[in-house]
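[1] sequence-free structure coming up:
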Ligand SMILES: C[S@@+](CC[C@H](N)C(=O)[O-])C[C@H]1O[C@@H](n2cnc3c(N)ncnc32)[C@H](O)[C@@H]1O
């Protein structure tokens, strides 16, 4: 029986697979991908649509097709589509190895192709079928996203996987396999001889008990305990796609591409060691013990110059959730201002235009600002006269672009470039409306998808509250529906947090 029919996948949204991210990353290399608002997207291995449906909801003029061979998940997804009344997404139950010419003709071609959690989780013939399909259905300037587990990181995790697989080899059911797998991991963490591998086991058990992996067995069963889990090195993946007429474009996460997490000494040693861009990234993978990649791919026929183009940033929508923070006393220098994001990335700058821009972005959150608007506002703040013809103005602007780019390369939470802007509101009206998608998700779970396609975790009271925000209820109605268990001040705080979390619509 199909293991995904027995244990469906957890089925969440992945921000890095959204056409917004794919378009933005392609634009960083000077490409002109299809406009996000009116594109066609194919997702292979879409499960029950946890990723595709929120995209379809947020981009009503775009068209989405999902394919998965698990009948149970596809059926569940179809029911969700009907319940949500979405008319721009269809799910098809099919084995990707068996997609024939007539089905392919009916599918048409796509601007964006997404396969998250499929490539290294399937046997070689399925991987080949995946890449061959991608080559055939991807439009000439299309962008494909393919994620996979990688070496060297999975050598370490593979050690734990081997032990867990061994201990659970006779389990009678997936539940039992998960229990035995967890049991083995914690046995290793407690009883292994002291040394480097004990540290690895300990670290792994921490990860295993953290977040969703700690509570949901489907991750574990379809990853560490999956029958097929064949990580590859990045360079091997690049060779493999090359055999199918595809080539490496860029990663979905700029941090993987840029060496900004390394010291200046390591960065220059890397530059000396690296023969080309792919070799550089492979060597960074060795240094970082990379475990997972989210690689963007395009047709071999498309010329690719792998150099980040600042103009991409200047044509995009910019967003930042970083706040101004106090610097460590030892690092303090006059005039230098520091901004930090929740993921502990920091940006320190003494450039007044950049400082003003970061403050303006922080105020605008969760909205993004057009680069031109941001520049004009920041210039106003620091009193610099606009006009790109002026030398000073241009130099100032280039310094701003370079600071923002440095921030992007460190963390999307510091600065994120986008290729579209969702329809969200930042104020709480008398009868607030939450995203229909998020309200629907909140019926069954605490993790919902916001209008930027990001995951947001709700407190139990917020999960109940969100579901009542359909525009038909006043704040007094909502309080009554919650059994008057929250005070007016608490209600106000939750609603303002929903706005901040990009969950409210007009
Ligand atoms: C690890 S899950 C990932 C699901 C989803 N993309 C995600 O990341 O949340 C892999 C998915 O690929 C589907 N799949 C695996 N082999 C397939 C094949 N040969 N044809 C179609 N779907 C397949 C499974 O049913 C499953 O839903």
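    Yep, it's here. As the structure is a computational prediction, the values presented were derived from the model and not from experiment.

[2] Now for residue 462, how many residues are close by?
    20 (other CB atoms under 10 Å). Quick note: C-beta positions are derived from backbone N, CA and C, even for glycine.

[3] What are the buried residues along the helix or strand hosting it?
    Per DSSP states H and E: residue 462 is located in helix 460-467. The neighbour-count check on helix 460-467 (16 or more other CB atoms under 10 Å) flags 462-467 as buried.

[4] got the contact list for that helix?
    434, 438-439, 442-443, 446, 448, 458, 478, 482, 485-486, 491, 494-495, 497-498, 503 (CB atoms under 8 Å, 6 or more residues apart in numbering).

[5] Do a quick rundown of the strands in the stretch 201-350 of the chain.
    Applying DSSP state E, counting those that start in this stretch to the stretch 201-350 of the chain gives strands spanning 246-251, 292-299, 317-319, 323-325, 337-340, 346-349.

[6] Can you name the secondary structure element that comes next after the longest helix anywhere in the chain?
    With DSSP state H setting the assignment, residue counts place helix 391-410 as the longest helix in the chain. Downstream of helix 391-410, the next assigned helix or strand under DSSP H and E is strand 416-418.

[7] what's next to that next one, contact-wise?
    Outside strand 416-418, the residues touching it (CB under 8 Å, 6+ apart) are 20, 24, 28, 312-313, 316-320, 368, 408, 452.

[8] quick revisit: between the strands of the stretch 201-350 of the chain, which gets nearest to residue 61?
    Across the strands of the stretch 201-350 of the chain, residue 61 has its closest neighbour in strand 317-319 (17.4 Å, CB to CB).

[9] how's the protein carved up into domains?
    3-151+231-299, 153-221, 310-418, 433-505 (automatic domain parsing).

[10] Would you point to the one among these that's packed deepest?
    The highest average neighbour count among the domains of the chain, using mean count of other CB atoms under 10 Å, belongs to domain 3-151+231-299 at a mean of 19.

[11] What's the end-to-end length of that domain?
    Length of domain 3-151+231-299, first residue to last, CA to CA, to the nearest Å: 33 Å.

[12] Please compute how far that domain lies from its chain's middle.
    11 Å (CA atoms, centre = their mean, to the nearest Å).

[13] what is the rounded mean pLDDT of that domain?
    Regarding domain 3-151+231-299, the rounded mean pLDDT is 97.

[14] How about that domain and the ligand, touching?
    Yes: using CB under 6 Å from any ligand atom, domain 3-151+231-299 reaches the ligand at 4, 9, 11, 45, 47, 67-70, 73, 95-97, 116-118, 121-122, 126.

[15] likewise stretch 215-229?
    Yes: using CB under 6 Å from any ligand atom, stretch 215-229 reaches the ligand at residue 222.

[16] Give me the contacts around that stretch.
    3-4, 7-10, 117, 120-123, 149, 154, 157, 160-161, 164-165, 168, 174-175, 177-178, 181-182, 208, 212-213.

[17] which stretches of the stretch 201-350 of the chain form helices?
    For the stretch 201-350 of the chain, the helices defined by DSSP state H, counting those that start in this stretch cover 211-215, 217-222, 234-243, 254-257, 264-273, 277-288, 310-314.

[18] same question, the stretch 1-150 of the chain
    Under DSSP H, counting those that start in this stretch, the stretch 1-150 of the chain gives helices at 3-6, 19-28, 52-58, 71-84, 101-107, 124-137.

[19] hang on, the earlier thing: who does the longest helix of the chain touch, helix- and strand-wise?
    helix 254-257, helix 310-314, strand 346-349, helix 352-364, helix 371-382 (3 or more CB pairs under 8 Å, 6 or more residues apart in numbering; DSSP states H and E).

[20] Which of the ones you listed comes out lowest on mean pLDDT?
    The weakest mean pLDDT among these belongs to helix 310-314, with a mean of 90.

[21] Any idea which residue of the stretch 401-506 of the chain lies closest to the ligand?
    Closest to the ligand within the stretch 401-506 of the chain is residue 455: 11.7 Å, counting by CB to the nearest ligand atom.

[22] Could I get the phi/psi values of that residue?
    The phi and psi values for residue 455, taken as degrees, to the nearest 10, are phi -80, psi 140.

[23] show me the contacts for the residue nearest to residue 311 when sequence neighbours are not counted.
    Spatial nearest neighbour of residue 311, chain neighbours left out: residue 30 (7.5 Å); criterion: CB to CB, 6 or more residues apart in numbering. By CB under 8 Å, 6+ apart, residue 30 lies in contact with 305, 309, 311-312.

[24] ditto for residue 266
    259, 287.

[25] Report the separation between it and residue 291.
    As defined by CB to CB, to the nearest Å, residue 266 lies at a distance of 20 Å from residue 291.

[26] go on, residue 468?
    Taking CB to CB, one finds residue 468 at 41 Å from residue 291.

[27] re the thing from before, residues in a beta bridge with the residue of the stretch 401-506 of the chain closest to the ligand, which ones?
    Taking DSSP bridges, one finds residue 449 as the beta-bridge partners of residue 455.

[28] if I read this right, it contacts residue 445, doesn't it?
    No: taking contacts as CB atoms under 8 Å, residue 455 lies outside contact range of residue 445: 10.5 Å.

[29] Name the residues that touch stretch 491-506?
    When contacts are defined by CB under 8 Å, 6+ apart, stretch 491-506 is touched by residues 365-366, 422-428, 432-436, 438, 448, 450-452, 454, 456, 461-462, 465-466, 469, 475, 478-479, 482, 486.

[30] meant to ask about stretch 86-97, not that
    44-46, 49, 52-53, 56-57, 59-71, 74-75, 77-78, 81, 103, 125-126, 129-130, 133.

[31] what does stretch 297-307 give?
    By CB under 8 Å, 6+ apart, stretch 297-307 touches 26, 29-31, 134-135, 138, 140-146, 241-242, 245-250, 277.
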